[in-house]
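Student: Can you look at this prediction? I've put the sequence above it.
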Amino acid sequence: MIENAYQEEEAFWKAKSKNTWLQVGDKNTRVFHGWVETRRMKNRVQSLLNENGVEHYEEEQKGEIAVQYFQNLFSSSGSQNADRLLEGMLPRVTDRMNSGLIKPVTEAEIKRAVKAIKSDSAPGIDGMTGQFFQKYWSVTGAQVTKEVKGFFETGVVTNAKKMQDLRPISLCSVVYKIISKVLSNRLKLILPKIVSPTQGAFVAGRLISDNLLIAHEMIHGLKTNPNCKEDFIAIKTDMSKAYDRVEWDFLETLFLKTGFDRKWIDWVMNCIRSVTYTVLMNGESFGHITPERGIRQGDPLSPFLFILCAEALVHVMNRAEQNDLLTGMKLTRNCPSIQHLLFADDSLFLCRASLRECTEFLKCLKLYEDSSGQIINFQKSAITFGAAIDPTMKRLLAEILHIDNEGGDGKYLGLPECFSGSKQQLVAFIGEKLNKRLRGWFAKKLSLGGKEVLLKSIAMALPVYAMSCFRLTKHHCQKIMSAMASFWWDEDGEKKKIHWIAWKKVCVPKDQGGLGFRDIEDFNQALLAKQAWKLYNEPESLLAKVYKGRYYASSNILECGKGYRPSYAWRSILFGRELLLKGLIRSIGDGKETLVWGDKWILDEVPRRPVNKQLLYDVKLRVDELIGNDGKWRIETLTELFPPNDAERIKQMAIGGVQDRYVWAYTKSEGYTVKSGSWLATKSQIGNRGREDEPAVLAFKKKIWKLPTLPKIRMFLWRAVSGALAVAERLTAHGMPVDTICKLCQQGEETIAHVLFHCTKARDLWREFHIAPEQQFPDLSLVELLESCLKLMQEGALSKERRQALPWMLWAIWKNMNSLLYAETQESIAVLMRRALEEASLWYEVNKGVSGEEQTALHMGVLQSWTPPAQGMIKCNFHANWRSDRYHVGGAWITRNYNGEVGMHARDALTPNSDKLSADMYCLLWVLKSLRDLRIEEVHIGTDSQELYDAIQKPYRWPRYRGLLQQITTICSEFVGIEFEVESVQSNKVAREISRSVLRDGCFQSYLAMGGPSWLHNIIKTEGAMVIS
């Protein structure tokens, strides 16, 4: 079939092009093919210089040069003085952590690792990608699980690896990647507890922006702070080939010193030492390299191993500071001392501008280099001197450190270190990257559907990092938006085109009549509001401690001023705080810190204070005075003080157990998100400007995005109702003196409605389509005419094929008019109609099934059938059956062992809750208390609530439920081992059926019983038989 060939060709070139962002934009083989050709030209190595500087062009000679280079790179130089380097380092990995690292590997854990593997990464030596195993897990799962478990039982893995593109990128087999992913998934859970706060890379909850903002504050202090600019310097360093030089013996010694279990160390070291490389260049393979050191790039485990390696550097630097050999820099007496900031292989060190400390700094680096194999690249390093340091001293320090480059005006982690006056450096950085994307050859080949995806998924992502840290001026925002608008309207330096709609209107959300592009200034503020929220919500982070000590030592982030000589980053965060404050509301816990009449703690459309129905009131009245000794609202007091609407709202609020605090009003979790912040900022702008579209036009625009048709046709229809098509009437409206009579029929004004419905050429096509235009399309507005088309798509007057093809018919009429007027070509009515029918049929055929990505998600998203725990463990599935119209919540749990044999089950009618997630949390608390009382110490908990799982894993993102989550965390700590996993409705069926019986059958009495319920015996038996097989 031609459509099958079309799909296969597009999929082939899409995979070769290594691009995913066009999935919902253009389906354009030419774009993908062109991208492949560009990649090939970039990837081909034309020539190489040997060690003597002689250039070689022959493939064999280039291969020899590459093999020799990497053979030298991966040859061990020996780890020296590791014991001296690690002297005084105390174990950080506890027995409990080790238990979690070396526990038996479960099938569910392996399945999660398979799901997490990048589906379209380079295939391994077996030629298979991750997507093959994800899509066909039902076929391959049993054997893969057996092989992976075999490694953890024997500690043996055999893999051949390749190096590509002049870097050691491992072409690992997928089985190895699964093993590595299981190890890394376990390791990353404990990293926040064992890795120093000055390391910002690859640790959950730590962002690259944290290190950047601290560094920016330090450099600003060197320029402006009287306590720092005379006495301190900053040294920015770069590690040369950081991953490739890590000594294996040093890593093993470090693991032992840190306290890792011997079994865990053996697993990791076997993975590290299993590698061999072959140089692959220009399609040919050369040599065979057996490395003696290095951790492979592309391995899920490698980033975590590298930051553990860097902990040795952190240790020796901290030891020197404790011994008064090095001095960290403090911006104020309330600030923490910052002596180093590490982000992977990018490092920033701060010390006194003295010969003694610079010498000691070099000794620490030398000791780390000799032990770990790392080498500082001094040619890429730079020194930033305090503004008041004497030039002679600058020269002496530079000579001691062997660093010629002076910093301060350069970049750190990809962004400017500091600003002085103009912010042109920042906008130039963003503009350069944006223009590179938007002015590429491929952009000319995209329809507006493809351009929409490019702008939203690529162009808008480019400035996110910079805008998360710094505020762009209105002028800079306008320049970026102008570049995007010019790209959208297909304008370049050589030709000017009409911008049919102001870009501000295009940036309005789709449900408000725009295209949903983000307004740069609003987006910038929303990103910066995230930083302000993080400072409020995570006061113990290193970034928050630096800012608090510098700017609000006696206050808080929500109330402080800008301070004396603030940095540009701090002023930017205050700009974000303006938006944050608009959406914050007090969440009531114990009510002791919230004023009834002074704080905003009631939410309508916006946070507000409650309405007072009394003339006289106590301005110092706190909310806790509205709560009784039993921890419940005093209903009589509420009725006395507030009008009925507010009193009822307050009654519905959950209270008790925790302190009052601010939360974000516009998300379910009550945690701030950039998406909700952008929405609030845009909503405010729309409110200020007023609605642009008439109600009928806005209603039709909302329907456009749900039409089953190509993105470019949906975009065409949006442009049509927005008046953004080049017809005579619209050209005249934009100041172009053209004849408004239709050039095709000479019988009416050339409007969009006329071209699509009333022109004789259009009417001929409609008649051929079996539609009588005189009856179906009378003299109505464009929106009314298009609504008539939608009505025809839903009615049965036309055949199914013609109903489906109506959007393509409108597109064909428009394209035909342009061909007649500008290309002077014409096709017969029969050909145009046949093409519209064929293209519609092809689109429906291509899109009738789920995509490959959706199939993968279907197979790998959650557990589709019940899976057992590891041997010796207990698994407990539970479910809360919540309904908003019922007084009770049905709760149930059931435990089973490795063989699927039931231990116990329980059922209860729980008290009502305001929402499903609250019900799930209360049900989980009941389950955990029950298991604890039964003296079950190690357990796997299975739930079909993804939201509950997310909240447990990252409770700081769900401040609304902080009281319940604190209780869950506390009781979980009482177990020796506890794990949570997400089930599907099918795999959690037994627990769901038991819980449903509470409300369905009115069984409100609670009970605990041995074995499973007899009426579910067949399901339990079937699931147990699947385990045994």
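Tutor: Thanks, I have it. Residues are numbered from 1 along each chain as shown.
Student: Verify the stated contact: A909 with D1001.
Tutor: No: A909 is not in contact with D1001 according to C-beta atoms under 8 Å; the separation is 11.2 Å. (C-beta placed from N, C-alpha, C; glycine too.)
Student: So for the two, which sits in the more crowded spot?
Tutor: More neighbours surround A909 than the other of A909 and D1001, with 19 against 9 (other C-beta atoms under 10 Å).
Student: lowest average confidence, helix or strand, in this structure?
Tutor: None of the helices or strands of the chain scores lower by mean pLDDT, DSSP states H and E than strand 163-164, at a mean of 32.
Student: Strands of the stretch 51-200 of the chain, start to end?
Tutor: 55-56, 163-164 (DSSP state E, counting those that start in this stretch).
Student: what's next to the first one, contact-wise?
Tutor: It stands for strand 55-56. The contact list for strand 55-56 (C-beta atoms under 8 Å, 6 or more residues apart in numbering) reads 47-50, 62, 65.
Student: In helices, which of those residues appear?
Tutor: 62, 65 (DSSP state H).
Student: Of the contacts of strand 55-56, which is the nearest to E360?
Tutor: Comparing the contacts of strand 55-56 against E360 with C-beta to C-beta picks out L49 as the nearest, at 38.2 Å.
Student: Would you enumerate the residues in contact with that closest one?
Tutor: So L49 contacts 55-56, 65 (C-beta under 8 Å, 6+ apart).
Student: Would you verify that D590 is located in a helix?
Tutor: No: when classified by DSSP: H, G, I helix; E, B strand; the rest coil, D590 is found to be coil rather than part of a helix.
Student: Hmm, it is touching Q659, no?
Tutor: Yes: contact status for D590 versus Q659: in contact at 6.4 Å, counting by C-beta under 8 Å.
Student: So these two - more neighbours on which side?
Tutor: More neighbours surround D590 than the other of D590 and Q659, with 18 against 14 (other C-beta under 10 Å).
Student: Now the residue lying closest to the more buried one once chain neighbours are set aside: phi and psi?
Tutor: Nearest residue to D590, sequence neighbours excluded (C-beta to C-beta, 6 or more residues apart in numbering): D624, at 5.9 Å. Main-chain torsions, D624, degrees, to the nearest 10: phi -60, psi -20.
Student: Tell me how many other residues surround D624.
Tutor: Neighbours of D624 using other C-beta under 10 Å come to 16.
Student: Then the one 3 residues further on?
Tutor: Burial of I627, expressed as a neighbour count using other C-beta under 10 Å, amounts to 19.
Student: list the contacts for it?
Tutor: Counting by C-beta under 8 Å, 6+ apart, I627 touches 590-591, 633-634, 655-656.
Student: Let me know the closest of the residues you listed to M715.
Tutor: Scanning these for proximity to M715, where the rule is C-beta to C-beta, the winner is I655, at 49.5 Å.
Student: D630 is in contact with the closest one, correct?
Tutor: No: counting by C-beta under 8 Å, no contact exists between I655 and D630, whose distance comes to 11.2 Å.
Student: between those two, who's got more neighbours?
Tutor: Set side by side, I655 and D630 show more neighbours around I655, with 20 against 8, by other C-beta under 10 Å.
Student: Provide the backbone phi and psi angles at the more buried one.
Tutor: Per degrees, to the nearest 10, the backbone of I655 is at phi -130, psi 170.
Student: From T637, how far off is it?
Tutor: Note on I655: its distance to T637, by C-beta to C-beta, to the nearest Å, is 14 Å.
Student: Ok, C469 next?
Tutor: 47 Å.
Student: out of these two, which sits in the more crowded spot?
Tutor: C469 (24 against 15).
Student: Let me know the helix or strand that that one is in.
Tutor: Counting by DSSP states H and E, no helix or strand carries C469.
Student: Correct me if wrong: T667 contacts S676.
Tutor: Yes: checked against C-beta under 8 Å, the pair T667 and S676 is within contact range at 5.1 Å.
Student: and K236, helix, strand or coil?
Tutor: strand.
Student: Bridged to it, which residues?
Tutor: Taking DSSP bridges as the rule, K236 bridges to L348, A382.
Student: these two touch, right, I208 and L341?
Tutor: No: taking contacts as C-beta under 8 Å, I208 lies outside contact range of L341: 10.9 Å.
Student: Neighbour count: these two, which is higher?
Tutor: L341 (25 against 18).
Student: Secondary structure element for the more buried one, which one?
Tutor: Counting by DSSP H and E, L341 is found in strand 340-343.
Student: centre of the chain versus that strand, how much separation?
Tutor: Between the centre of strand 340-343 and the centre of its host chain there is 23 Å, according to C-alpha atoms, centre = their mean, to the nearest Å.
Student: Let's test this: mean pLDDT of that strand, rounded?
Tutor: Across strand 340-343, the average pLDDT comes to 93.
Student: From the contact counts, what lies against that strand?
Tutor: For strand 340-343, the packing partners by 3 or more C-beta pairs under 8 Å, 6 or more residues apart in numbering; DSSP states H and E come out as helix 208-224, helix 302-322, strand 346-352.
Student: got the CA coordinates for that strand in CSV?
Tutor: What follows is strand 340-343, C-alpha atoms only, in CSV (Å, rounded to 0.1, in the frame of the first residue of the first chain):
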residue,chain,number,x,y,z
HIS,A,340,34.3,26.1,45.6
LEU,A,341,31.4,25.4,43.2
LEU,A,342,31.5,22.3,41.0
PHE,A,343,29.2,21.4,38.1
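Student: do you know how far R960 is from S918?
Tutor: R960 is 9 Å from S918, by C-beta to C-beta.
Student: again with M809
Tutor: Using C-beta to C-beta, M809 is found at 51 Å from S918.
Student: I'd guessed L365 sits against N377; true?
Tutor: No: the criterion here is C-beta under 8 Å, and L365 misses it with N377 at 11.8 Å.
Student: Just want to know which of these two has more residues nearby.
Tutor: Neighbours were counted for L365 and for N377 using other C-beta under 10 Å; L365 has more, 22 against 13.
Student: re the thing from before, any chance of the contacts of strand 55-56 in TSV, plus distance to P644 and pLDDT?
Tutor: Below are those laid out as TSV (distance: C-beta to C-beta, whole Å; pLDDT from 0 to 100):
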residue	distance to P644	pLDDT
S47	83	72
L48	82	75
L49	83	74
N50	87	72
K62	83	74
I65	84	76
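Student: Give me the buried subset of the contacts of strand 55-56.
Tutor: 48, 62, 65 (16 or more other C-beta atoms under 10 Å).
Student: And those, which is closest to T140?
Tutor: Distances from T140 to the buried ones among the contacts of strand 55-56, taken by C-beta to C-beta, are shortest for K62, at 38.3 Å.
Student: give the contact list for the closest one.
Tutor: For K62, the contact set (C-beta under 8 Å, 6+ apart) comprises 45, 47-48, 56, 281-282.
Student: next one: M736
Tutor: By C-beta under 8 Å, 6+ apart, M736 has no neighbours at all.
Student: and it, which of the three is it?
Tutor: coil.
Student: Ramachandran angles for it?
Tutor: phi -100, psi 120.
Student: Now do the buried residues in stretch 218-226.
Tutor: For stretch 218-226, burial by neighbour count (16+ other C-beta under 10 Å) applies to 218-225.
Student: How about stretch 188-208?
Tutor: In stretch 188-208, counting by 16+ other C-beta under 10 Å, buried: 188, 190-191, 194-203, 206-208.
Student: Looking at the residues you listed, which two lie furthest apart in space?
Tutor: It's I190 and I208 that sit farthest apart of these, by C-beta to C-beta, at 21.3 Å.
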